[in-house]
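Engineer: Take a look and give me a structure for this.
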Amino acid sequence: MAKTSASKPAARAGKPAAGSPLKGSAWRTKVVQRHAKTGQLVVSKARFEAVMLAAKQSGLLSGKSGRIAGRVSPTLVKQAKRQTGTATDTDLIEFALATVALEDHFAESFKESRGKVDPELRLGF
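Structural biologist: Down below sits the predicted model:
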């Protein structure tokens, strides 16, 4: 896929220098919002930034020498860019792959732990 823009999208500007993306009032925004005109769900800038920061800190964004290609619907790409706030195909693919790579499988882990806590355990409340 070719880049649609040589410049970085506005959604990637102003990254925090260090620290957890969950600290501070700027990160308390909703991660998914509704578009004012269409009512469709849109990924917030905070979620985009948090995913990309976590991917960078995990070493997932270093050594960009790989290439990926495929044929997809232009409508799908356009809608995904609109919902993520990305301007380029590269940023969209990077965000999508980082989101999948960073999946924590919380639901599965939570289900697996069911019934495994000792009923005699004192939790202090």
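Engineer: where does T86 land on pLDDT?
Structural biologist: Looking at T86, its pLDDT stands at 89.
Engineer: Let me fix that, I meant to ask about K30.
Structural biologist: 50.
Engineer: do the same with A101
Structural biologist: The model's pLDDT for A101 equals 93.
Engineer: Now do it: how many residues are near it, please.
Structural biologist: Residues lying near A101 (other Cβ atoms under 10 Å) number 12. For every residue, glycine as well, the C-beta is placed using N, CA and C.
Engineer: That one: what's it in contact with?
Structural biologist: 55, 58, 60 (Cβ atoms under 8 Å, 6 or more residues apart in numbering).
Engineer: hmm, 6 Å instead?
Structural biologist: Contact analysis of A101 by Cβ atoms under 6 Å, 6 or more residues apart in numbering lists L60.
Engineer: Same check on E103?
Structural biologist: Per Cβ under 6 Å, 6+ apart, neighbours of E103: none.
Engineer: where exactly do the helices run in the chain?
Structural biologist: 45-57, 74-84, 89-101, 106-112 (DSSP state H).
Engineer: Same question for the first one: list its buried residues.
Structural biologist: Neighbour-count burial for helix 45-57, counted by 16 or more other Cβ atoms under 10 Å, picks out 45-55.
Engineer: Among the helices of the chain, which comes closest to K37?
Structural biologist: helix 74-84 (11.3 Å; Cβ to Cβ).
Engineer: Run the angle between that closest one and helix 89-101 for me.
Structural biologist: Going by axes from the mean of the first three to the mean of the last three Cα atoms, to 10 degrees, helix 74-84 is angled at 70 degrees with respect to helix 89-101.
Engineer: which helices and strands sit right next to helix 74-84?
Structural biologist: strand 41-43, helix 89-101 (3 or more Cβ pairs under 6 Å, 6 or more residues apart in numbering; DSSP states H and E).
Engineer: do you know which of the helices of the chain lies nearest P119?
Structural biologist: Comparing these under Cβ to Cβ, the one sitting nearest is helix 106-112, at 17.9 Å.
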